[in-house]
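S.K.: build the 3D model from these lines:
(2 chains)
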Amino acid sequence: MERGPAQLERMIMKRIIPGLLSVLVLGLSMLTTAMAQTKSTVYYLVPTLLDEFQTGSVSALEMFLEQTGYEMKTLNADNKTDVQQSQMNDVIALKPAAIVLAAVDFNALKPSIEAARAAGIPVVEFDRQITSTPSDFTSVAGTIEIGQVAADQAEEMLKTRHGEVKGKILQVLGDPGDPYTLDIQKGFEEKMIAFPDVTIVSVPAMQWEASNAGTIVSDQMLANPDIDLIFLHAAHLSVAAVASLEAAGKKPGEVMMMSSNGAPVGLDLIRKGWLNTEVEQPLYAQAAAIAMFMDKIVEKQEIKPGEYDVLGLKSVVTIEDWGPNIKIPGAVITKENVDDPAFWGNMKPPTAAVESVK
Amino acid sequence: MTPRTRKTLEFVLDNLVWFMLIFVLAIFSALIPNYFQPGIFVNIIEASSVLGVMSIGLALVIITGHMDLSVESVAALSAMAVGILFCSAGIGLGITFSPEWLMIPVSLLVACTIGALIGLFNGFLIVKLKMSAFIITLASFIWVRGIVLAVSGGRSAQDLAPAIRWFAIERFLGIPLSAWIAITCFLVFSILIAKTPFGRHLVMIGGNETATFRAGIRVTRNLIIAFMIAGAIAGLAGWLLAVRTSGATANLGVGLLFNAFAAVVIGGVSLKGGVSALPGVYAGVLLLSSINTAINLMGLPANYTQVIHGLLVLAAVLLDTFKQRLRQRLA
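M.R.: Take a look at the predicted model:
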């Protein structure tokens, strides 16, 4: 017997919807049970999970915080400032031991940070420095500094190729609405201004989308065939850039390439000879530093300035207007050291557990 | 107005988007250094391939008076599936076949099947259960992108098998094979819409669904097939995306949906349905790609590029509206 649309609809209403509701209730009850068991919970507000650095930061923070006795929960803002503001409000209501924030927008989160601290919840800035209001701790490699390190590398590469620092650089930015990429650009261009014979062509890859970067490279290699070096602000953009160079008949090394953040894809491209340099954001050390200081942050103890060893990297804590700030040097990855397991892009997390700073 | 003038004017209006494209290319060539060269025009055609194929699927559904917001995420999921299966680095499993060319039909089948299944799911809920296409496909836009994130863990797959990458590297008449795929799709679907009963039924459904039903045409079946085709074509767009970028990242294809809508509207397809203009849609895609290339070459400060992009698209749509009004006066 054939069923008509009305009968079909009734069947779905009777069988499927109650089933879905049961699953929803079961899920909610499991969630409630899990919440009831929580002790010393730290919330991590990650800006997006659409890039490898951010995904890696979730697992690294979770691992290191667990070693120092904290459970971590993560909320993803999908690169939306308003979503992250709402998440901050929700998390404040849950009264966690601390909030680790990697802000979508460096300054828009200021009122939320102030609200959390007013409620007695320490706020830790991860990867993205906020200087407009005090936080309880900041762990960064420094986005401007990444640009400056990249500029040093560009200087060296151009000198090797031409005997002096001159030539043309194509700088492929990320989304122009993201302060992260604008800071790298600032650091890079501030240093490169010392070399008047270097021309920098800067073009943004909208929404950090890889195929946009590929199109930019294809177009620019035709408009400016004398480009010596391509500097991409994230390793995943390099993959599409390489695909475009390959389609244009270029071989590895013909055009020098450099990118930043040290993601696994970037390290693979170094091994294949396409990428000359990666400026790494020291993901593991940045995350480990937060775990090392978390006891002091939660107990609101003084964090003393000075030099600390974070996973073998000499890192400096300074007391700034915005609070204690640990700066961890970003490493330069080349063909010579690409297999060093210390680089997070090699996906070999440190085996030794981190310990809380006494 | 003489019949000849009227005929000429109608021809211009029917193909206005192509004239707009020629005008824009001429202006950019004259004003932007290095724009006027064969390589740049090939780049424009090549960069249009993914958006072009995706716009065909979207146009098919819009012609029927519905919409499909899920095409961007479907393309991303198909690209990620192809990336995971046939890439050898990152999260790629590096699956190979012997002979190697077998990877081409298998990867295409995987990409298109994923798309067709999601299209079937959308179509069933929208057509059979009479749910809103906007809401259902919006939900699919979200959950399908969520699956991309879940299966990739936010990581990338790269180094697509050379047998598949071949389509992005090899050229015929100076144009990459991937772009020829898009051109072929436009030709095939333009004929399908204009010359086959199925295509004409889709246009009729978009014009008046009730009247079409009363004329004895199987509206439900045709609509579900339209959603399935839109999904399968979005899957093909994802396959092209993976081929073009030699892999897949979790945010691959982000932003394509709005460009696809812009291309469809600029191309002359009415959002109310019942109007088919696939060749115009291809011109719309080429127009958007020309604008993007111009922005890439102009070296504008990063902060202003989105404003310029938006304004140029707005100008194109305003011109299209002007065309519609002029046509109404002629009628």
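S.K.: hmm, residue B:149 is touching residue A:48, no?
M.R.: No - counting by C-beta atoms under 8 Å, residue B:149 stays clear of residue A:48, with 9.7 Å between them. From N, CA and C alone the C-beta is placed, and that goes for glycine too.
S.K.: ranges for the helices of the chain?
M.R.: Just so you know, I chose chain A. A:5-11, A:17-36, A:52-67, A:81-94, A:110-118, A:143-162, A:179-192, A:210-223, A:235-247, A:264-271, A:283-298 (DSSP state H).
S.K.: actually chain B
M.R.: Counting by DSSP H, the helices of chain B are B:3-14, B:16-31, B:38-63, B:71-86, B:103-123, B:133-152, B:162-169, B:177-195, B:197-207, B:209-214, B:219-245, B:256-266, B:278-298, B:305-330.
S.K.: quick one, what contacts residue 217?
M.R.: Because you didn't say which chain, this covers chain A. Counting by C-beta atoms under 8 Å, 6 or more residues apart in numbering or on different chains, residue A:217 touches A:170, A:172, A:230, A:240, A:241, A:244, A:245.
S.K.: meant chain B, my bad for not saying
M.R.: Neighbours of residue B:217 in contact, by C-beta under 8 Å, 6+ apart: B:201, B:204, B:205.
S.K.: if we go to 7 Å?
M.R.: Counting by C-beta atoms under 7 Å, 6 or more residues apart in numbering or on different chains, residue B:217 touches B:201, B:204.
S.K.: ok, residue B:53 next?
M.R.: B:182, B:185, B:233, B:236, B:237, B:240.
S.K.: could I get those residues as JSON lines with neighbour count?
M.R.: Shown next, in JSON lines, are those (neighbours: other C-beta atoms under 10 Å in any protein chain shown):
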{"residue": "B:182", "neighbour count": "26"}
{"residue": "B:185", "neighbour count": "22"}
{"residue": "B:233", "neighbour count": "27"}
{"residue": "B:236", "neighbour count": "24"}
{"residue": "B:237", "neighbour count": "35"}
{"residue": "B:240", "neighbour count": "29"}
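S.K.: any chance of the residues you listed in TSV, plus distance to chain A and pLDDT?
M.R.: Output for the contacts of residue B:53, formatted as TSV (distance: C-beta to the nearest C-beta, whole Å; pLDDT from 0 to 100):
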residue	distance to chain A	pLDDT
B:182	14	94
B:185	18	94
B:233	17	97
B:236	15	97
B:237	11	96
B:240	10	95
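S.K.: closest one to residue A:62 out of the residues you listed, please.
M.R.: residue B:237 (35.6 Å; C-beta to C-beta).
S.K.: dihedrals phi and psi, whichever residue of chain B sits closest to chain A?
M.R.: Going by C-beta to the nearest C-beta, chain A is nearest to residue B:154 of chain B, at 3.0 Å. Dihedral angles of residue B:154 (phi, psi; degrees, to the nearest 10) stand at phi 80, psi 0.
S.K.: quick one: average pLDDT of stretch A:323-340?
M.R.: Averaging pLDDT along stretch A:323-340 yields 91.
S.K.: off-centre distance for it?
M.R.: What separates the centre of stretch A:323-340 from the centre of its chain is 14 Å, taken as C-alpha atoms, centre = their mean, to the nearest Å.
S.K.: show residues contacting it.
M.R.: For stretch A:323-340, the external contacting residues (C-beta under 7 Å, 6+ apart) are A:134-142, A:145-146, A:149, A:153, A:262, A:267, A:270-271, A:276-282, A:285-286, A:289, A:303, A:310, A:313, A:315-318, A:343, A:346.
S.K.: tell me how far residue A:343 lies from residue A:337.
M.R.: For residue A:343, the distance to residue A:337 equals 8 Å [C-beta to C-beta, to the nearest Å].
S.K.: neighbour-wise, which of these two wins?
M.R.: The neighbour count for residue A:343 versus residue A:337, taken as other C-beta atoms under 10 Å in any protein chain shown, is higher for residue A:343 (23 against 12).
S.K.: correct me, but the more buried one touches residue A:263?
M.R.: No - if you go by C-beta atoms under 7 Å, residue A:343 and residue A:263 don't touch, sitting 10.0 Å apart.
S.K.: sounds good, over and out.
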